[in-house]
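In: What would the 3D arrangement of this be:
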Amino acid sequence: MVDDEDRVRNVLCDLLAACGWEADGAASTALGLDLFALGDYDVVLTDFLMNGGNGLDLIERVRRADPTVGVIMLTGAGADLEAPSRRLEFTVLRKPIPLDGLRAAVSQALGRRSRESPTAFTRGS
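Out: From the prediction side, this is the model:
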């Protein structure tokens, strides 16, 4: 989970853990990319607008490293993300995010990953 707001990042990591998934948090695009490079992640969640970079920058670099990883962008901004979400194949969730919506999006992203990479390790299982 990449979000520059500590409270948001911590709450989302806790919610993901409550759903049975392991979740690591990063406070910036750079830290998120460092974690991604070191880990074996099936899904990346990122905020859109952050200090020191934005979610689209992060997603572009994640896609170059691993085109099969599931990606979900969270945003409270009114930006039109339809074209980039199609091009980079990510799901957009608008804040405030209902728990059921988050759970469904992560499950769908994990399903996509397992179809494209059947031997993928699913964190938390």
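In: most centrally placed residue in the protein?
Out: Nearest residue to the geometric centre of the chain (CA atoms, centre = their mean): residue 45, 1.4 Å.
In: does it sit in a helix, a strand or a coil?
Out: The local conformation at residue 45, judged by DSSP: H, G, I helix; E, B strand; the rest coil, is strand.
In: Touching, it and residue 74? I think so.
Out: Yes - counting by CB atoms under 8 Å, residue 74 is a contact partner of residue 45 at 6.3 Å. From N, CA and C alone the C-beta is placed, and that goes for glycine too.
In: For those two, list the residues in contact with both.
Out: Listed as contacting both residue 45 and residue 74 by CB atoms under 8 Å, 6 or more residues apart in numbering are residue 12.
In: And the average pLDDT for the helix or strand harbouring residue 109 is what?
Out: Taking DSSP states H and E as the definition, residue 109 sits inside helix 99-116. Helix 99-116 shows a mean pLDDT of 84.
In: from now on call the first residue 192
Out: Got it, the first residue is 192 from now on, which makes the last one we talked about helix 290-307.
In: Show me what counts as buried in it.
Out: Of all the residues in helix 290-307, those buried under the rule 16 or more other CB atoms under 10 Å are 293, 294, 296, 297, 300, 301, 303, 304.
In: Tell me who's in contact with residue 246.
Out: Contacts here follow CB under 8 Å, 6+ apart; on that basis residue 246 touches 193, 220, 237, 238, 239, 240, 264, 265, 266.
In: picking that back up, the helix holding residue 300 versus strand 234-238: what angle between them?
Out: Helix 290-307 runs at 140 degrees relative to strand 234-238, counting by axes from the mean of the first three to the mean of the last three CA atoms, to 10 degrees.
In: name the helices or strands packed onto helix 290-307?
Out: If you count contacts as 3 or more CB pairs under 8 Å, 6 or more residues apart in numbering; DSSP states H and E, helix 290-307 packs onto helix 197-209, strand 234-238, strand 261-266, strand 282-285.
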